[in-house]
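Participant: show me how the following folds:
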Amino acid sequence: VKGSFTDAHTDRVGRFEAADGGTLFLDEIANLPYHLQAKLLTVIQKRYFIKVGSNTPQPTNIRLICATNRNLDEMVHNGEFREDLLYRINTIHLHIPALRERKEDILPLAQRFLEQYNQQYLRALTGFSADAEQRLLNYPWYGNIRELQHTIEKAVILSDGNLLKAENLQLTEVSGQDAPTTHEESKEDTPLQTLDEMEKNLVKKAIEQCDGNLSQAAAQLGITRQTLYNKMKRHGI
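Facilitator: Predicted coordinates:
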């Protein structure tokens, strides 16, 4: 409020006040400092806040949506995120899989970014060549949508034709993550496994190597903890 500190010349509307009767979106909730997590919890529980420099509680009625790309359960375990706050914000949990786990979204998103950067950089690219589309689908996109967006932007800037080609994308070749096999292991008499069997064995091996620590196993596999849970359930692990 006005006069609460130096340069506070007028009253200021805060986020909770501005969102009253609507929706407040807190992006990257995991980055909220620990001491501020307690204040946020108080507002959520009591449904009112007190402005800096005021003693008058002000009611707030908001729909709260939070987002993060970090593992909040693991942060709670490490003492980095308040468990009681997690319970309060986790009423309905929506898990969005990594981009590489929903390949059907890659090309529509790429086309959307192509149109966006066509306008921004005054280009007239009409689409992607067949080899570029295949390259986009095969790439693992560890940086998810942000990496895809940056890749398309860079390709639009550097392209000099009507179509984006594979070489315009400037994606590094992705080598396999499995350890190299020995000569004996690569013999033709080695029994073949189905993809499901290979995935099941890989998940079990990662969990064993991490001594049952699912967070570490998920990180080693390059997937989220929730995805690891889903795979364990599907394979009966």
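
Participant: got the domain ranges for the protein?
Facilitator: Split into domains by automatic domain parsing, the chain comes to 15-89, 100-169, 195-235.

Participant: by mean pLDDT, show me the worst of those.
Facilitator: In terms of average pLDDT, domain 195-235 trails the rest of the domains of the chain, at a mean of 81.

Participant: tabulate the domains of the chain (CSV), appending distance to K2.
Facilitator: To be clear about C-beta, it is placed using only N, CA and C from the backbone, and glycine gets the same treatment. Output for the domains of the chain, formatted as CSV (distance: least, Cβ to Cβ, whole Å):
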stretch, distance to K2
domain 15-89, 8
domain 100-169, 40
domain 195-235, 46
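
Participant: for those domains, which one sits closest to S4?
Facilitator: domain 15-89 (2.3 Å; Cβ to Cβ).

Participant: how far does that closest one sit from its chain's centre?
Facilitator: Distance, stretch centre to chain centre, for domain 15-89: 20 Å (Cα atoms, centre = their mean, to the nearest Å).

Participant: and what of stretch 226-237?
Facilitator: Its chain's C-alpha centre and that of stretch 226-237 lie 19 Å apart, by Cα atoms, centre = their mean.

Participant: put the alpha carbons of that stretch into PDB.
Facilitator: What follows is stretch 226-237 as a C-alpha-only set of coordinates in PDB (Å, rounded to 0.1, in the frame of the first residue of the first chain):
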ATOM      1  CA  GLN A 226       5.400 -40.700 -13.500                       C
ATOM      2  CA  THR A 227       6.300 -42.200 -16.900                       C
ATOM      3  CA  LEU A 228       8.400 -44.800 -15.000                       C
ATOM      4  CA  TYR A 229       5.500 -45.600 -12.800                       C
ATOM      5  CA  ASN A 230       3.300 -46.200 -15.800                       C
ATOM      6  CA  LYS A 231       5.800 -48.400 -17.400                       C
ATOM      7  CA  MET A 232       6.300 -50.400 -14.200                       C
ATOM      8  CA  LYS A 233       2.600 -50.900 -14.000                       C
ATOM      9  CA  ARG A 234       2.300 -52.000 -17.600                       C
ATOM     10  CA  HIS A 235       5.100 -54.500 -17.300                       C
ATOM     11  CA  GLY A 236       4.100 -55.700 -13.800                       C
ATOM     12  CA  ILE A 237       7.300 -54.700 -12.200                       C
END
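
Participant: just the helices from this structure, written as ranges.
Facilitator: Ranges of helices within the chain are 15-18, 34-46, 72-77, 83-89, 106-120, 130-138, 144-158, 166-169, 195-209, 214-221, 225-235, based on DSSP state H.

Participant: could the ones you listed go into TSV alongside distance to N61 and mean neighbour count?
Facilitator: Output for the helices of the chain, formatted as TSV (distance: least, Cβ to Cβ, whole Å; neighbours: other Cβ atoms under 10 Å):
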stretch	distance to N61	mean neighbour count
helix 15-18	10	15
helix 34-46	12	13
helix 72-77	25	16
helix 83-89	16	15
helix 106-120	35	15
helix 130-138	44	15
helix 144-158	32	17
helix 166-169	47	19
helix 195-209	44	14
helix 214-221	36	18
helix 225-235	31	15
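
Participant: now distance to R100 too, for these, in CSV please.
Facilitator: Listed next are the helices of the chain as CSV, based on distance: least, Cβ to Cβ, whole Å:
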stretch, distance to R100
helix 15-18, 34
helix 34-46, 31
helix 72-77, 21
helix 83-89, 27
helix 106-120, 8
helix 130-138, 10
helix 144-158, 8
helix 166-169, 16
helix 195-209, 14
helix 214-221, 12
helix 225-235, 11
